[in-house]
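> Provided below are the primary sequence and the corresponding predicted coordinates.
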Amino acid sequence: MRITCCCLLLLAVIALGCGVRGELDCEGATVELVVASSEGQQEVYGYPAFFGVPLNNTATFPAPLEEAEPLDACGAVTPPLQPGCILMSIAGNASAKGTPAIAGASFTAEAGLLLRQLAAEGANVTLQAPDMPRVDLPSAAALWLMAVGTLVVGSLWSAAELRKQIERAARARALGQGPGSSGGGPGSDVTVITSRGALLFVVVASAMLLLMFFFVNTTWFVLTMVGLFAVGAWQALFVILDLLLYKHCSKQSWAATTTVSLPWLGTSSVLSLVAQSVAAAVSITWVVCRHSSWAWTLQDVLGIALMLLVLQQLRLPNLKVASILLPMAFLYDVWWVFLQPLVTGGDSVMIVVAQGGGAEQLPMLLEVPHKALGDVQAYSMLGYGDVILPGLLAVFAARFDAVRGLPWRCGYLMPVVAGYGVGLLLTYAALAISIGGSQGQPALLYLVPCTLGCISLLGWWRGQFWELWHCGREGGQQQRPQDADARLEAGLDSERLLPASGSPQSQAVV
């Protein structure tokens with residue numbers, strides 16, 4: 001079974017809604033409330049309110065507790081925890097109107113019940129926001145390795161499939177035969193992004209983001225997104241496991257040659273059935289246990305599998321289309337994170353969607369937990385879109401290197417991967433020093449110049465810029481395998497794997 005290109009494209013568009021974020025819900029609890037009671041001193045951890053006295057690392061004056069009405073007046077705590085809110089008046093700190101200044105914080109329902117009991121006993125408390133690093137280095141390093149690793153594996157996979165096509169075309173030519181089928185791999189049918197498609201991609205992404213913004217608080221919509229992700233990731237993981245099993249098992253083995261007929265699934269080999277079962281088990285386990293503290297590991301496995309298959313079935317034909325798609329995505333990210341809140345005067349639509357609103361957070365993120373105040377789990381996060389879009393450029397670079405037969409030291413893949421790694425580091429640096437405010441950072445602001453700029457400048461310096469710019473053909477919806485083989489054979493006939501600039505008759509698809 002294989003994911004259709006339309007489904008992959010939809011998932012890729014949805015993935016643009018989430019990027020690197022530094023929001024409180026991602027960082028975990030950031031407010032420390034210290035209770036002085038007859039039983040001694042107790043610490044309770046929560047989130048800052050949306051109003052009142054700004055909290056810092058200096059404790060407020062001791063003051064009595066007061067419960068908020070309604071309970072979520074200070075802001076809802078991230079699901080699956082229930083909202084609970086406690087307000088505190090600060091004695092001796094009056095505003096210009098003579099009313100007492102208020103410091104507020106949001107706590108989980110469990111902590112709220114404890115504080116309600118202490119408030120009834122007349123306990124005094126202090127509030128502070130201890131200094132916490134904006135970026136947790138261990139979890140950020142783990143995310144960096146996962147993102148860069150996904151980029152490298154996806155690029156090398158695509159380049160390996162292309163080399164197989166070149167070898168088959170060469171063998172067919174040597175035998176005096178016509179071009180054979182290039183099928184077999186997940187990249188045999190691909191969707192080639194055109195210039196018009198690159199523009200439409202960002203428009204559709206914005207429309208999808210607004211749709212998620214208006215419905216992100218509804219359970220049915222969140223469950224739909226969870227289901228779509230689970231099914232897509234299940235099939236992506238199946239494709240990868242199936243390829244790995246067939247690669248490491250003999251084609252003449254019992255498991256590879258024995259077929260089984262099952263209702264609704266049709267006829268499948270034992271190896272494919274094993275791969276399908278394992279992928280389904282991982283996906284179903286994640287859906288059922290996705291609120292558990294360990295579920296992030298399964299979500300990351302499924303997410304990486306999904307991104308790898310997206311990189312195999314979406315393709316940039318040349319640098320021209322890349323120079324339309326990536327800058328448009330750059331503007332998209334900057335607009336929805338930085339500029340849109342300034343224009344509309346409200347919250348960032350993208351950050352609200354990334355947080356999940358008042359409902360469950362959407363699963364379009366790589367997550368790694370890190371230490372935070374109290375027992376509330378905190379995560380470092382990276383959106384799938386921040387891997388897929390630069391990854392498309394890395395795949396293009398890898399295929400360009402493969403067609404030209406360039407070694408890795410003289411190719412374009414490694415510079416693009418290095419630029420991507422540097423761009424991620426710049427993103428985390430910007431997050432650490434809060435460039436543009438305390439909200440999250442639009443990762444593509446740093447990734448696009450570091451990747452697209454790198455390959456463009458390097459191509460210009462090597463005198464190959466126009467070959468990169470024109471080297472492919474902008475396809476329609478699908479490339480037929482036999483057409484790809486024919487173009488490969490044409491390149492081999494002319495003893496050139498890539499045409500010089502201005503020779504469109506023998507252009508090879510990259």
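Alright, I've got the coordinates.

> alpha carbons only for contacts and neighbour counts from here, please
Noted.

> State the pLDDT value of the closest residue to L431 other than its chain neighbours.
Nearest residue to L431 in three dimensions, chain neighbours excluded: Q441, at 6.1 Å (C-alpha to C-alpha, 6 or more residues apart in numbering). Listed pLDDT for Q441 reads 78.

> Using the three-state scheme, assign Q441.
coil (DSSP: H, G, I helix; E, B strand; the rest coil).

> what about it, distance to G423?
Applying C-alpha to C-alpha, to the nearest Å, the value for Q441 to G423 is 12 Å.

> repeat for A36
Applying C-alpha to C-alpha, the value for A36 to G423 is 47 Å.

> With neighbour numbers in mind, choose between those two.
Per other C-alpha atoms under 10 Å, whichever of A36 and G423 has more neighbours is G423, with 21 against 17.

> E67 reaches R116, doesn't it?
Yes. The pair E67 / R116 is scored as a contact, 7.2 Å apart, by C-alpha atoms under 8 Å.

> in the stretch 101-250 of the chain, which spans are helices?
109-120, 137-174, 195-215, 219-248 (DSSP state H, counting those that start in this stretch).

> Using JSON lines, lay out the ones you listed together with distance to L326 and mean pLDDT.
Listed next are those as JSON lines, based on distance: least, C-alpha to C-alpha, whole Å; pLDDT from 0 to 100:
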{"stretch": "helix 109-120", "distance to L326": "44", "mean pLDDT": "76"}
{"stretch": "helix 137-174", "distance to L326": "16", "mean pLDDT": "90"}
{"stretch": "helix 195-215", "distance to L326": "8", "mean pLDDT": "85"}
{"stretch": "helix 219-248", "distance to L326": "24", "mean pLDDT": "89"}
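
> what's the closest of those to D300?
helix 137-174 (8.8 Å; C-alpha to C-alpha).

> can you give me the offset of that closest one from its chain's centre?
18 Å (C-alpha atoms, centre = their mean, to the nearest Å).

> What is it packed up against?
If you count contacts as 3 or more C-alpha pairs under 8 Å, 6 or more residues apart in numbering; DSSP states H and E, helix 137-174 packs onto helix 295-313, strand 365-370, strand 378-383, helix 385-404, helix 413-432, helix 481-493.

> of those, which approaches N56 most closely?
helix 413-432 (16.9 Å).

> Now do the most centrally placed residue in the chain against Y47, distance only.
Compute the mean C-alpha point of the chain, and by C-alpha atoms, centre = their mean the closest residue is Y384, 1.5 Å away. Taking C-alpha to C-alpha as the measure, Y384 falls 27 Å from Y47.

> Q313 now?
42 Å.

> same question, P54
Plainly put, P54 is 12 Å away from Y47 if you go by C-alpha to C-alpha.

> More neighbours: those two, which one.
Y47 (24 against 13).

> and the helix or strand in which the more buried one is found with helix 109-120, angle?
Assigned by DSSP states H and E, Y47 belongs to strand 40-48. Computed by axes from the mean of the first three to the mean of the last three C-alpha atoms, to 10 degrees, the angle separating strand 40-48 from helix 109-120 equals 130 degrees.

> Alpha carbons of the helix or strand following strand 40-48, in PDB - could you do that?
Downstream of strand 40-48, the next assigned helix or strand under DSSP H and E is strand 63-67. Coordinates of the C-alpha atoms in strand 63-67 are reproduced here as PDB (Å, rounded to 0.1, in the frame of the first residue of the first chain):
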ATOM      1  CA  ALA A  63       0.200  38.200  50.400                       C
ATOM      2  CA  PRO A  64      -3.000  36.100  50.700                       C
ATOM      3  CA  LEU A  65      -4.400  34.000  47.900                       C
ATOM      4  CA  GLU A  66      -7.600  34.700  46.000                       C
ATOM      5  CA  GLU A  67      -9.300  32.400  43.600                       C
END
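
> how much does strand 63-67 deviate in direction from helix 109-120?
Using the same axes, to 10 degrees, the interaxial angle of strand 63-67 with respect to helix 109-120 works out to 120 degrees.

> Show me which positions of strand 63-67 end up buried.
63-67 (16 or more other C-alpha atoms under 10 Å).

> Mean confidence (pLDDT) on the strand holding Y47, please.
Averaging pLDDT along strand 40-48 yields 76.

> That one pairs with which strands?
Here strand 40-48 is paired, per DSSP bridges, with strand 31-37 (antiparallel), strand 100-108 (antiparallel).

> Name the surrounding residues that touch the first one.
Okay, so that is strand 31-37. 41-48, 105, 118, 123-130, 373 (C-alpha atoms under 8 Å, 6 or more residues apart in numbering).

> Quick one: neighbours of A174, just the number.
Residues lying near A174 (other C-alpha under 10 Å) number 10.

> For it, give me its contacts.
With contact set as C-alpha under 8 Å, 6+ apart, A174 has no partners.

> Columns mean pLDDT and distance to R173 on top of the helices and strands packed on helix 137-174, output as a markdown table?
Below are the helices and strands packed on helix 137-174 laid out as a markdown table (pLDDT from 0 to 100; distance: least, C-alpha to C-alpha, whole Å):
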| stretch | mean pLDDT | distance to R173 |
| --- | --- | --- |
| helix 295-313 | 94 | 26 |
| strand 365-370 | 86 | 45 |
| strand 378-383 | 82 | 45 |
| helix 385-404 | 94 | 17 |
| helix 413-432 | 93 | 29 |
| helix 481-493 | 41 | 7 |
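
> In CSV: those, plus distance to S348.
Below are those laid out as CSV (distance: least, C-alpha to C-alpha, whole Å):
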stretch, distance to S348
helix 295-313, 25
strand 365-370, 18
strand 378-383, 16
helix 385-404, 17
helix 413-432, 16
helix 481-493, 44
